[in-house]
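Enquirer: Quick one, what's the 3D model for this:
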Amino acid sequence: MQASGGVCIYRRLSGVVQDYIHGEVLPRIGRVAVMILSVCAFGSLCYFNYTDIGFARAIRLLYTQL
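Expert: Got it, this is the predicted structure:
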C-alpha cells in the first residue's frame, strides 16, 4: 500500500510540474524537487507503518472515528 501511495504521489506531482512550470531551468529543478518529495513521502509512510498502527488501520480508524 505504501509503494502504491509513493508511486501515485510521484506521478501526480510530476504531472503538475510538467504542465505548469515552464522555462529552461525551472522544470529541471521541479523534477528534482518532485523526486525528493516523493522519496520523503514514501519514507514517511514506511516509518509510520513500522512504528505506529499501520497505514491501513489508520485509514480505517479515520473513517470510524469521524
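
Enquirer: where does the most centrally placed residue in the chain land on pLDDT?
Expert: Closest to where the C-alpha atoms of the chain average out (CA atoms, centre = their mean) is residue 9, at 3.7 Å. As predicted, residue 9 sits at a pLDDT of 80.

Enquirer: What are the buried residues along the helix or strand where it lies?
Expert: Using DSSP states H and E, residue 9 falls within helix 2-20. For helix 2-20, burial by neighbour count (16 or more other CB atoms under 10 Å) applies to 2, 5, 6, 9, 10, 13, 17. In short, each C-beta sits where N, CA and C put it, glycine included.

Enquirer: swap in stretch 22-35?
Expert: Buried residues in stretch 22-35 (16+ other CB under 10 Å): 30, 34.

Enquirer: and the closest residue to residue 6 other than its chain neighbours, what does it touch?
Expert: Closest residue in space to residue 6, ignoring its immediate chain neighbours: residue 42 at 3.4 Å, by CB to CB, 6 or more residues apart in numbering. By CB atoms under 8 Å, 6 or more residues apart in numbering, the residues touching residue 42 are 2, 3, 5, 6, 9.

Enquirer: Give me the distance between residue 42 and residue 61.
Expert: 22 Å (CB to CB, to the nearest Å).

Enquirer: rewinding a little: quick one: list the elements packing against the helix holding residue 9.
Expert: Secondary structure elements in contact with helix 2-20, counted by 3 or more CB pairs under 8 Å, 6 or more residues apart in numbering; DSSP states H and E, are helix 26-51.

Enquirer: now the helix it packs on, how far from the centre of its chain.
Expert: Here helix 26-51 is found 6 Å from its chain centre; the criterion is CA atoms, centre = their mean, to the nearest Å.

Enquirer: now that helix and helix 2-20, what's the angle there?
Expert: Here helix 26-51 runs at an angle of 160 degrees relative to helix 2-20 (axes from the mean of the first three to the mean of the last three CA atoms, to 10 degrees).
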